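A.B. asks: Structure for the following, please:
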Amino acid sequence: MPDIEILDSYRSMIDKDAQTPLHGQVKSLLSQLMDTTFAAGELFFKEMEVAERLGVSRPTVRQAMRSLEMEGRIKRSKGYGTIVLKRASAEGSLKSIAVILHTYQSESVNTLLDEIDSTCASSGVEIHVIRYPELEKAAAYLPLLRQQSDEGVILLTPDDSLARRLIRMGYRVVIREPDVRGESARWVETDNDAVVRLGLQHLTDLGHKAIALLVTEPEWRRTVADKIQAFRGICSTLGIDGHVVPNPDPKATESFAAGRATMAKAWKLAPKPSAVFAVSDFGALGAMSWCAQHNIAVPRDLSVLGFEGIRSGARVFPPLTSIGHDIPGIADALIRSLKAGDATNVSVNPILVLRSSTDKPRS
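C.D. replies: Coordinates of the predicted model:
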């Protein structure tokens with residue numbers, strides 16, 4: 001095993017003010033270290049040693065190591081340690097890919113598109129973006145595919161029928177967060193159970209026992225239904241007084257308005273919640289707007305937690321705490337899934353974007 005002091009030279013590469021999450025930076029540095037310094041089969045450093053040398057927390061290192069294990073870079077054996085594995089060489093090569101999405105997409109999807117572009121640029125893969133109006137059929141835009149060069153397609157639009165058509169045309173296809181987990185294409189998504197578990201862990205660690213889940217997105221979406229089911233199950237297991245607050249207008253799709261409407265319902269609950277967890281960041285911002293209108297101070301009177309981790313959440317007052325997508329991890333998984341050419345699906349762990357809209361409940 002190399003000398004542990006080699007990590008000291010990597011410490012200065014950690015930028016705690018960067019947009020990239022700390023665990024993503026640590027993962028990248030450790031992967032580089034494994035490539036340049038460790039042989040396959042060697043024992044890797046302990047998590048505690050890595051955390052101390054890099055000046056980050058042990059949970060940050062643990063999350064980075066978990067991602068490396070999921071990618072097959074390491075194997076962790078209880079009682080023995082972490083073993084470095086040989087980097088897989090069976091991945092196919094890609095020269096050019098297409099990314100298909102709606103003309104209008106959420107802030108998190110556009111952030112992911114930027115990250116995919118950056119990941120492709122660093123690995124020499126050309127990216128070809130096709131945007132189409134949400135109310136039109138994506139199939140009408142398929143002639144825009146460069147059929148001589150685009151080898152794989154990433155769908156940032158959850159359209160299983162489109163995925164099947166592309167596969168019949170001979171493309172490798174991977175979908176980000178499909179509404180239906182079909183067998184037609186591989187998928188990559190944020191782990192919905194882990195989203196709820198991390199959010200509830202954060203709120204209960206602060207001391208909250210009465211928590212409401214604000215359903216600020218359509219319940220027919222699989223990812224939303226998964227979060228509702230996970231919330232009920234985890235609250236029951238932990239003995240939390242948890243309430244699911246549905247949108248009064250189930251057909252509505254505007255998250256900010258849904259956040260205001262569900263917050264109004266939540267505040268009528270008995271007992272009143274000391275914290276609310278919205279299934280979208282814009283829904284959480286809507287809830288905060290309603291609170292401001294009714295002189296309810298956040299987080300003094302009510303903690304508000306969102307989901308997605310959008311950058312604009314940092315520009316409100318108080319800045320929104322959120323359970324965020326691991327954008328670099330998702331982009332990396334999408335590209336790797338296309339290259340691998342197998343049937344592997346990937347659930348990526350979320351991250352806690354800690355800002356100022358959550359705090360301990362008032363005594």
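A.B. asks: Was I right to think residue 68 contacts residue 27?
C.D. replies: Yes. In terms of CB atoms under 8 Å, residue 68 counts as a neighbour of residue 27; the distance is 6.0 Å. Where you see a C-beta, it was placed from the backbone N, CA and C, and this is true even at glycine.
A.B. asks: can you map out the helices along the stretch 1-150 of the chain?
C.D. replies: Assigned by DSSP state H, counting those that start in this stretch, the helices in the stretch 1-150 of the chain fall at 8-11, 22-37, 47-54, 58-70, 107-122.
A.B. asks: Now mean pLDDT and mean neighbour count too, for the ones you listed, in TSV please.
C.D. replies: Output for the helices of the stretch 1-150 of the chain, formatted as TSV (pLDDT from 0 to 100; neighbours: other CB atoms under 10 Å):
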stretch	mean pLDDT	mean neighbour count
helix 8-11	81	13
helix 22-37	81	19
helix 47-54	92	18
helix 58-70	89	19
helix 107-122	91	17
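A.B. asks: Dump the ones you listed to CSV, plus distance to residue 307.
C.D. replies: Converted to CSV, the helices of the stretch 1-150 of the chain look like this (distance: least, CB to CB, whole Å):
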stretch, distance to residue 307
helix 8-11, 32
helix 22-37, 18
helix 47-54, 27
helix 58-70, 18
helix 107-122, 10
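A.B. asks: nearest to residue 192, of those?
C.D. replies: Comparing these against residue 192 with CB to CB, the closest turns out to be helix 107-122 (14.5 Å).
A.B. asks: Quick one: work out the angle between that closest one and helix 22-37.
C.D. replies: Interaxial angle, helix 107-122 versus helix 22-37 (axes from the mean of the first three to the mean of the last three CA atoms, to 10 degrees): 10 degrees.
A.B. asks: Show me what helix 107-122 is packed up against.
C.D. replies: strand 96-102, strand 126-132, helix 327-340 (3 or more CB pairs under 8 Å, 6 or more residues apart in numbering; DSSP states H and E).
A.B. asks: just these: most buried one?
C.D. replies: Of all these, helix 327-340 carries the top mean neighbour count, a mean of 23, counting by mean count of other CB atoms under 10 Å.
A.B. asks: pLDDT averaged over that one, what's the number?
C.D. replies: Helix 327-340 shows a mean pLDDT of 89.
A.B. asks: Which strands and helices lie in contact with it?
C.D. replies: For helix 327-340, the packing partners by 3+ CB pairs under 8 Å, 6+ apart are helix 22-37, helix 107-122, strand 152-155, strand 172-176, strand 186-190, strand 346-348.
A.B. asks: tilt between it and strand 172-176?
C.D. replies: Using the same axes, to 10 degrees: helix 327-340 against strand 172-176 is 160 degrees.
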